[in-house]
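Asks: coords please:
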Amino acid sequence: MESLIGKQIGEYTLIGLVNSEGRVWVYRASEVNTGADAAVRLINTDDLSYADRSRFCESFKQVAQGVKTLRHPGIAGVLDFGEYNGSPWIVIEWVEGKSLQSVLGKQLNYKTAAQTLA
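Replies: Numbers count the residues shown, from 1 in each chain. Modelled structure (predicted):
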């Protein structure tokens with residue numbers, strides 16, 4: 001997937017690539033009207049068939065709708081979601097700080113990360 005820095009996705013302008021690993025690209029973004037920072041996670045679906053991409057995007061949309069309703073001080077809120085050129089994206093509140101991976105000095109799987117935070 002080519003760099004999308006400078007592109008607008010939804011109401012957000014992508015201003016820098018934060019991380020890219022596997023299918024997921026995370027950009028720092030700025031909300032067009034307010035200038036508020038946000039994180040845009042874009043899922044690369046370029047290698048999926050049309051049918052698989054459609055199923056994946058529909059499933060992603062359902063999960064994003066559910067997650068958007070969650071409110072908790074320990075959870076970065078979901079601000080928006082949609083599709084860009086057939087790839088789903090989700091906008092999350094920007095949180096300053098270090099990643100758990102950088103604090104611990106190693107990459108964690110989801111189970112280990114959840115146990116560490118519990």
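
Asks: quick one: the strands in the protein?
Replies: Ranges of strands in the chain, per DSSP state E, are 8-9, 12-21, 24-31, 37-43, 78-84, 87-93.

Asks: could you give the angle of the last one to strand 24-31?
Replies: This points to strand 87-93. Between strand 87-93 and strand 24-31, the angle comes out at 50 degrees (axes from the mean of the first three to the mean of the last three CA atoms, to 10 degrees).

Asks: what comes into contact with strand 87-93?
Replies: 1, 9-10, 12, 29, 38-46, 56-57, 60-61, 64, 76-83 (CB atoms under 8 Å, 6 or more residues apart in numbering). Every C-beta, even on glycine, is put in place using the N, C-alpha and C of the backbone.

Asks: circling back to that earlier point, need the strands of the chain in a markdown table (columns: mean pLDDT, mean neighbour count and distance to residue 50).
Replies: Formatted as a markdown table, the strands of the chain follow (pLDDT from 0 to 100; neighbours: other CB atoms under 10 Å; distance: least, CB to CB, whole Å):
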| stretch | mean pLDDT | mean neighbour count | distance to residue 50 |
| --- | --- | --- | --- |
| strand 8-9 | 94 | 16 | 21 |
| strand 12-21 | 91 | 15 | 24 |
| strand 24-31 | 93 | 19 | 21 |
| strand 37-43 | 92 | 20 | 16 |
| strand 78-84 | 90 | 18 | 13 |
| strand 87-93 | 90 | 21 | 13 |
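
Asks: now those as a markdown table including distance to residue 104?
Replies: Shown next, in a markdown table, are those (distance: least, CB to CB, whole Å):
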| stretch | distance to residue 104 |
| --- | --- |
| strand 8-9 | 31 |
| strand 12-21 | 16 |
| strand 24-31 | 19 |
| strand 37-43 | 20 |
| strand 78-84 | 25 |
| strand 87-93 | 21 |
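
Asks: closest to residue 70 out of the ones you listed?
Replies: With respect to residue 70, and counting by CB to CB, the nearest of the strands of the chain is strand 78-84 at 7.5 Å.
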